[in-house]
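Asks: no letters, just coordinates:
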């Protein structure tokens with residue numbers, strides 16, 4: 001925070017007042033007071049107070065005319081990040097344990113929620129939404145900048161919330177619906193599953209084409225053991241939309257995959273600096289008016 005004057009040249013008028021005070025003194029007729037010695041001290045004190053009030057009035061008024069202000073610089077990071085849809089498999093097979101090597105009792109879904117939640121907190125400038133799929137698919141959270149609310153929604157999800165089987169293509173269709181109003185933005189989707197498409201009503205090629213038309217880049221992640229997922233299907237979805245396919249055999253690999261996606265989809269956000277001026281002329285103006293009022297009272 002800095003302090004300055006917008007029109008400091010007004011302070012030069014003090015020179016004019018000093019000259020006028022010295023050479024433009026008022027002249028009065030002299031009167032003889034026999035008791036002058038009794039009132040001289042009182043009059044001298046009164047005149048001194050008037051001089052102080054006069055100069056306080058003048059200096060305060062010039063300070064107000066000079067327009068004092070303080071400035072404060074604020075740095076703003078504009079929210080012009082990415083739109084990211086997070087697609088999470090909640091089918092029955094996500095109950096499988098042993099996916100996390102440091103805690104074998106955690107099931108796949110618990111590990112996924114922890115990793116995804118960590119990813120959410122890192123994307124501070126991005127607009128994130130959540131799509132859940134099992135036997136059917138639904139949008140659990142629309143796009144939002146509020147990471148706290150999104151994390152709460154994620155933490156309240158559970159296995160089987162969308163049914164026992166896996167509707168991958170319906171989830172892609174829901175993602176297109178989630179991002180349908182974001183055509184002029186950069187849209188990406190991260191799909192994670194431990195199975196193959198065994199449910200749903202939407203056609204595979206049609207939803208992929210819709211995603212391509214909307215320019216939605218899909219990163220697909222297969223987790224679990226080979227044979228449980230169809231890596232060729234997930235890789236094709238990613239390649240057709242300009243994304244990338246990953247395979248995670250355990251929680252550590254899954255964490256590394258999300259970190260890589262985080263690096264791949266970083267956007268440089270340039271901060272904007274604002275300078276806020278707070279004008280303070282009211283305070284010296286108020287002092288000037290008060291001292292002028294006291295000056296007038298003392299005269300009369």
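Replies: Cool, got the structure. Note that this is a predicted model, so its numbers are computed, not measured.

Asks: remind me which helix or strand the closest residue to residue 123 other than its chain neighbours belongs to.
Replies: In this structure, residue 123 finds its nearest non-sequential neighbour in residue 84, 6.5 Å apart by CB to CB, 6 or more residues apart in numbering. For the C-beta atoms, the positions are set from N, CA and C on the backbone; glycine is no exception. Applying DSSP states H and E as the criterion places residue 84 in strand 83-89.

Asks: who does that strand touch, helix- and strand-wise?
Replies: helix 108-122, strand 127-133, helix 168-178, strand 187-193 (3 or more CB pairs under 8 Å, 6 or more residues apart in numbering; DSSP states H and E).

Asks: note down every partner strand of the second one and its orientation.
Replies: When pairing is defined by DSSP bridges, strand 127-133 lines up against strand 83-89 (parallel), strand 137-144 (antiparallel).

Asks: what's the spacing between the residue nearest to residue 123 and residue 245?
Replies: Applying CB to CB, to the nearest Å, the value for residue 84 to residue 245 is 17 Å.

Asks: what of residue 59?
Replies: From residue 59 over to residue 245 (counting by CB to CB), the distance is 76 Å.

Asks: isn't residue 158 right next to residue 88, touching?
Replies: No - the criterion here is CB atoms under 8 Å, and residue 158 misses it with residue 88 at 11.3 Å.

Asks: tell me which of these two has more neighbours.
Replies: More crowded of residue 158 and residue 88, by other CB atoms under 10 Å: residue 88, with 24 against 10.

Asks: so what's that one up against?
Replies: Under the criterion of CB atoms under 8 Å, 6 or more residues apart in numbering, the contact list for residue 88 reads 112, 113, 116, 130, 131, 132, 133, 154, 157, 192.

Asks: so what's the fourth one bridging to?
Replies: By that I understand residue 130. Bridge pairing for residue 130 - DSSP bridges - gives residue 86, residue 141.

Asks: number of residues surrounding it?
Replies: For residue 130, using other CB under 10 Å, the count is 23.
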